[in-house]
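Engineer: pasted the sequence and its predicted model underneath.
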Amino acid sequence: YTHSFDTPRYKGDVTVHTGLFINNEWVDPVEGGSIEVINPTTGKHITTVSAAGPKDVDLAVDAAAKAFKTTWGLHTPGTERGRLLNKLCDLFEQRMDEFSALEALDTGKIFDKARHIDIKLTLDVFRYYAGWADKVQGKTIETNEHKLAYTRHEPFGVCGQIIPWNFPLMMLSWKVGPALATGNTIVLKPSELTPLTALKFAELIVEAGFPPGVVNILNGYGPVAGQAISEHQKIAKVAFTGSTLTGRKIMKAAAESNLKVVTLELGGKSPTVIFDDADLDQAVKWAAHGIYFNMGQACTAGSRIFVQEGVYDKFIDAFTGVTQYITAKTGDPFSGGMEHGPQVSQVQFDRIMSYIESGKSEGATLHIGGQQHDPASGGYFIQPTIFTDCKPDMKIVKEEIFGPVAAVMKFKTEEEAIALANDTSYGLACHVFSMNINRAIRVAHALEAGTAWVNCAQSGDVAVPFGGYKQSGIGRELGQYALDVYTQVKAVQINI
Ligand code: NAD
């Protein structure tokens with residue numbers, strides 16, 4: 001399939017294979033079906049790609065298992081794995097505009113943001129793990145003079161990886177980078193909503209020279225291909241990013257099949273806590289980025305905003321101003337100067353609109369937004385939306401909306417803010433704004449979340465671990481920590 005772009009941000013053709021990528025070859029599904037790909041900016045059909053069924057998953061797993069036993073795993077030294085990953089990065093770096101265009105087309109992301117955030121970070125992640133490939137080390141453990149004991153960090157074997165649609169390539173890099181660096185082989189399933197960039201990425205696997213079977217990429221539906229991966233007897237580990245509901249299903253399938261190791265990055269309802277002593281201009285800027293970034297489709301979205309009473313009115317004024325600015329810059333991801341694109345799909349659009357209705361009916365005040373933007377375009381645009389007068393038991397405060405909808409609440413004391421912020425089953429991230437360093441650190445430590453951002457929001461770094469407390473997940477990705485979730489420790493004890 002070839003898509004011709006002739007837009008202010010990108011001109012050129014981008015071609016993708018639409019089949020399944022197994023054993024470094026493009027194949028048709030044996031028993032699967034197909035996926036209709038929709039452009040969220042227009043609501044129009046773009047192309048059709050293959051969808052894998054369980055037998056296709058079997059073929060991919062067999063290829064990955066063979067590669068692990070014969071060419072990859074401990075058969076390829078870390079230096080060589082690092083070299084191949086660096087080669088992959090060089091090839092990727094030459095095509096970043098192409099990848100950005102395809103990602104923006106498939107997801108509705110603003111092209112410039114895709115280029116400078118998603119695609120840039122994807123490259124950073126692969127480079128980072130290319131550097132780690134020859135630096136994974138065990139330890140020697142002193143016990144007594146008649147024994148030599150040491151540990152080895154060995155790969156699991158075949159890893160299943162199931163990724164979401166909100167950051168398709170970036171999520172791919174978080175999973176594929178550390179898995180390859182540590183010697184695992186992969187069967188990866190992108191989201192059925194955004195299958196395109198992973199298909200383009202597969203071409204680089206061949207060009208970089210990875211042996212057949214090391215990386216297999218199968219598009220497919222969650223309950224079919226995703227389920228087949230989660231319950232596969234020959235998959236040793238499954239890594240997933242997506243909703244908490246699906247995370248539960250994957251963990252159940254893993255438990256009931258072969259007790260495969262599970263890493264989960266799940267949903268969130270992250271608090272943004274703004275104290276009277278915050279730098280308010282900065283707090284407003286970051287709070288807006290926290291909730292509106294990627295059209296609110298971020299698991300770390302700062303969707304519950306708690307503001308101390310002394311700055312509440314000023315905050316609302318300024319936050320409204322930023323929201324109006326973003327609303328004015330809502331439109332085609334490929335036009336220049338845009339800030340905000342469409343939601344990913346009709347289903348997500350409907351879901352967010354129903355949350356907006358529930359906010360109104362539960363008694364919150366719809367302060368600004370709440371409407372479809374530019375219905376004539378056919379795209380899934382929703383205005384950035386602020387609710388005020390929110391209460392902790394409202395659905396818009398309790399549940400993950402995954403859209404550009406902020407629920408704002410007022411608080412009096414630090415203790416009250418901590419209690420309100422922690423009143424959630426999620427624990428992915430939190431944001432704290434205060435220029436009082438003691439308070440900022442105290443509150444960051446008191447909040448129950450895997451990431452605490454102080455005086456900033458959504459600021460990712462490849463070297464810093466990421467993952468959830470409570471029902472936001474299990475395990476950590478990124479940084480050196482990701483090497484641990486892709487290796488198992490063998491202790492060797494030798495009698496001297
Ligand atoms: P989802 O969890 O259903 O989908 C994510 C991935 O899981 C996709 O690849 C999907 O095909 C796969 N999947 C679905 N059912 C599966 C199953 N039974 N077994 C194995 N894999 C399965 O997410 P969604 O339906 O696309 O979005 C719904 C909600 O999930 C969103 O509104 C949001 O709340 C949340 N979400 C969170 C993240 C995140 O990064 N935390 C990302 C995407 C979606």
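Structural biologist: Structure's in. What do you need? Numbers count the residues shown, from 1 in each chain.
Engineer: how about the residues of the stretch 101-250 of the chain by the ligand?
Structural biologist: Applying C-beta under 6 Å from any ligand atom, we find that the stretch 101-250 of the chain lies next to the ligand at 162-166, 189, 191-192, 222-223, 226-227, 230, 241-243, 246, 249-250. C-beta coordinates here come from the backbone N, C-alpha and C atoms, glycine included.
Engineer: now, of those residues, which are buried?
Structural biologist: 162-166, 189, 191-192, 222, 226-227, 230, 241-243, 246, 249-250 (16 or more other C-beta atoms under 10 Å).
Engineer: wait, what's in contact with V14?
Structural biologist: Residues near V14 by C-beta atoms under 8 Å, 6 or more residues apart in numbering: T2, H3, F5, E98, A101, L102, K200.
Engineer: and the fourth one, which of the three is it?
Structural biologist: Following DSSP: H, G, I helix; E, B strand; the rest coil, E98 is assigned to helix.
Engineer: does it touch G12 like I think?
Structural biologist: Yes - using C-beta atoms under 8 Å, E98 is in contact with G12, at 7.1 Å.
Engineer: more neighbours: which of the two?
Structural biologist: Counting neighbours by other C-beta atoms under 10 Å for E98 and for G12 shows that E98 has the greater number, 20 against 12.
Engineer: taking the stretch 251-400 of the chain, what residue is nearest to the ligand?
Structural biologist: For the stretch 251-400 of the chain, the residue closest to the ligand is C299, as judged by C-beta to the nearest ligand atom, at 2.9 Å.
Engineer: average pLDDT for the strand or helix carrying A65?
Structural biologist: Element membership of A65 [criterion: DSSP states H and E] is helix 54-70. Averaging pLDDT along helix 54-70 gives 98.
Engineer: pull out the buried residues from the following helix or strand past that helix.
Structural biologist: As assigned by DSSP H and E, the chain's next helix or strand after helix 54-70 is helix 78-94. Across helix 78-94, burial judged by 16+ other C-beta under 10 Å covers G78, R81, G82, R83, L84, L85, N86, K87, L88, C89, F92.
Engineer: who touches helix 78-94?
Structural biologist: 72, 99, 122-123, 126-127, 129-136, 177, 180-181, 183, 201, 204-205, 207-210.
Engineer: again, but for stretch 481-489
Structural biologist: By C-beta under 8 Å, 6+ apart, stretch 481-489 touches 129, 132, 136, 138, 151-156, 159, 174, 177-179, 181-182, 184, 237, 239, 261, 263, 465, 467, 475-477.
Engineer: go on, stretch 207-215?
Structural biologist: 21-25, 63-68, 71-72, 76, 84-85, 87-88, 91, 176, 180, 185-186, 188, 202, 205.
Engineer: dump the residue contacts of E103.
Structural biologist: Neighbouring residues of E103 by C-beta under 8 Å, 6+ apart: K109, A114, D118, I119, P168, L169, L196, T197.
Engineer: if you could redo that for L59, that was the one I meant.
Structural biologist: Taking C-beta under 8 Å, 6+ apart, we find L59 in contact with I22, V27, V30.
Engineer: I figured G363 hits D393, correct?
Structural biologist: No - the criterion here is C-beta under 8 Å, and G363 misses it with D393 at 10.6 Å.
Engineer: what sits in contact with each of those two?
Structural biologist: Common neighbours of G363 and D393, counting by C-beta under 8 Å, 6+ apart, are absent.
Engineer: in the stretch 301-450 of the chain, which residue sits nearest the ligand?
Structural biologist: Distances between the stretch 301-450 of the chain and the ligand by C-beta to the nearest ligand atom are smallest at F402, namely 3.5 Å.
Engineer: residues in contact with that residue?
Structural biologist: By C-beta under 8 Å, 6+ apart, the contact set of F402 is N166, G267, G296, Q297, A301, Q348, R351, I352.
Engineer: likewise for L102?
Structural biologist: Contact analysis of L102 by C-beta under 8 Å, 6+ apart lists H3, V14, V16, L196, T197, K200.
Engineer: roughly how far is stretch 460-471 from the heart of the chain?
Structural biologist: Centroid separation for stretch 460-471 versus its chain: 11 Å, with C-alpha atoms, centre = their mean, to the nearest Å.
Engineer: for it, measure first residue to last.
Structural biologist: Start-to-end span of stretch 460-471 (C-alpha to C-alpha, to the nearest Å) is 21 Å.
Engineer: ok, stretch 369-378 next?
Structural biologist: One end of stretch 369-378 sits 19 Å from the other (C-alpha to C-alpha).
Engineer: can you give the contact residues for that stretch?
Structural biologist: Contact with stretch 369-378 is made by 41-44, 323, 327, 330-332, 349, 353, 356, 360, 381-386, 404-405, as judged by C-beta under 8 Å, 6+ apart.
Engineer: restricted to helices, list those.
Structural biologist: Using DSSP state H, T323, T327, F349, M353, I356, K360 are the members of those that sit in helices.
Engineer: give me the neighbour count for the second one.
Structural biologist: It refers to T327. Neighbour count for T327, taken as other C-beta under 10 Å: 20.
Engineer: now the angle from the helix or strand hosting L172 to helix 78-94?
Structural biologist: Assigned by DSSP H and E, L172 falls within helix 168-181. Angle of helix 168-181 versus helix 78-94, following axes from the mean of the first three to the mean of the last three C-alpha atoms, to 10 degrees, is 160 degrees.
Engineer: how far is helix 168-181 from where the chain is centred?
Structural biologist: How far helix 168-181 lies from its chain's middle: 10 Å, per C-alpha atoms, centre = their mean.
Engineer: what stretches of the stretch 151-300 of the chain score poorly on pLDDT?
Structural biologist: Across the stretch 151-300 of the chain, nothing is flagged by pLDDT under 70.
Engineer: which residues of it fall in strands?
Structural biologist: 158-162, 185-189, 215-217, 237-241, 261-265, 271-274 (DSSP state E, counting those that start in this stretch).
Engineer: in the fifth one, which residues are buried?
Structural biologist: If I follow you right, that is strand 261-265. Residues of strand 261-265 classed as buried: V261, V262, T263, L264, E265 (neighbour count, 16+ other C-beta under 10 Å).
Engineer: got a list of what the last one touches?
Structural biologist: In other words, E265. F240, T241, G242, C299, F466, G467, G468, S472, G473, G475, E477.
Engineer: at 6 Å instead, please
Structural biologist: Under the criterion of C-beta atoms under 6 Å, 6 or more residues apart in numbering, the contact list for E265 reads T241, G473.
Engineer: beta partners of it?
Structural biologist: Under the criterion DSSP bridges, E265 forms beta bridges with T241, G473.
Engineer: on that earlier part again, from the contacts of E103, which is closest to N436?
Structural biologist: Using C-beta to C-beta, D118 comes nearest to N436 of the contacts of E103, at 34.7 Å.
Engineer: contacts for the strand or helix carrying F306, please.
Structural biologist: Secondary structure from DSSP H and E places F306 in strand 304-308. The set of residues external to strand 304-308 that reach it, using C-beta under 6 Å, 6+ apart, is 271-276, 287, 315, 397, 406-411, 417, 420.
Engineer: alpha carbons of it, as PDB, please.
Structural biologist: Coordinates of each C-alpha in strand 304-308 appear next as PDB, following Å, rounded to 0.1, in the frame of the first residue of the first chain:
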ATOM      1  CA  ARG A 304      -7.600  15.400  37.900                       C
ATOM      2  CA  ILE A 305      -6.400  18.900  38.700                       C
ATOM      3  CA  PHE A 306      -6.400  19.900  42.400                       C
ATOM      4  CA  VAL A 307      -5.800  23.600  43.000                       C
ATOM      5  CA  GLN A 308      -5.200  25.300  46.300                       C
END
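Engineer: buried residues in that strand, which are they?
Structural biologist: R304, I305, F306, V307, Q308.
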